[in-house]
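Trainee: show me the folded form of this:
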Amino acid sequence: MFNRPLFVCAFALLAPSMTLAETETCQKVAEKDIAALFVRWNDALQSGDPQNVVDTYAQDSLLLPTLSNTPRRSADAKADYFRHFMAGQPRGNIDSRMIQIDCNTALDAGLYTFRFADGKKVQARYTFTYKWFPEQEQWLITSHHSSAMPEPQKTHE
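Mentor: Here you go, the predicted structure:
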């Protein structure tokens, strides 16, 4: 026979995790779907409207931008950054990347290059983290870190 007090204690400890496992549903997603989120973000950059870019970010997200030292948490702060950034008509291109997918979250990290209308280019490291928001039925950026590549080092002769 089993020990009733031990069974009750075990059930009390395991019940909350069983409930969590039963209620969480993972959104099915492939690497190509996560890669397409960068295309969506880059297309929003081409629109000329900073709000279109801001709309790709979750409400409580963080932007650590390429060409500014100021972290951007609010939608207004992100729009302010993109208003200035978009004035140069940037077009991003992924140079290399790594994508990792988990239950309702994904990470896209690597190197990208922005080319501007005046011919200048900025090479940068980036990390986008995404979360699936079922109530909005879409993936949104929860954090975005982008930093210009360090100056090339001179080779020793």
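Trainee: in the chain, what spans have low per-residue confidence?
Mentor: Along the chain, the model assigns pLDDT under 70 to residues 1-22, 151-157.
Trainee: can you map out the helices along it?
Mentor: For the chain, the helices defined by DSSP state H occupy 4-23, 31-46, 50-54, 75-86.
Trainee: give me the contact list for the shortest one.
Mentor: Contacts of helix 50-54 with the rest of the structure, by CB atoms under 8 Å, 6 or more residues apart in numbering, involve 41, 44, 45, 47, 75, 78, 79, 80, 82, 83, 86. Where C-beta positions appear, they are placed from N, C-alpha and C, glycine not excepted.
Trainee: verify the stated contact: the third one with residue 87.
Mentor: No. Between residue 45 and residue 87 no contact is recorded; they are 11.4 Å apart, counting by CB atoms under 8 Å.
Trainee: between those two, point out the one with more neighbours.
Mentor: residue 45 (20 against 11; other CB atoms under 10 Å).
Trainee: can you give me the distance of the more buried one to residue 56?
Mentor: Per CB to CB, to the nearest Å, residue 45 is found 10 Å from residue 56.
Trainee: how many neighbouring residues does residue 96 have?
Mentor: 8.
Trainee: that older thread, next, format the contacts of helix 50-54 as CSV and append distance to residue 106.
Mentor: Listed next are the contacts of helix 50-54 as CSV, based on distance: CB to CB, whole Å:
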residue, distance to residue 106
41, 13
44, 18
45, 20
47, 23
75, 22
78, 20
79, 24
80, 27
82, 22
83, 28
86, 25
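Trainee: right, I'll call it a day here.
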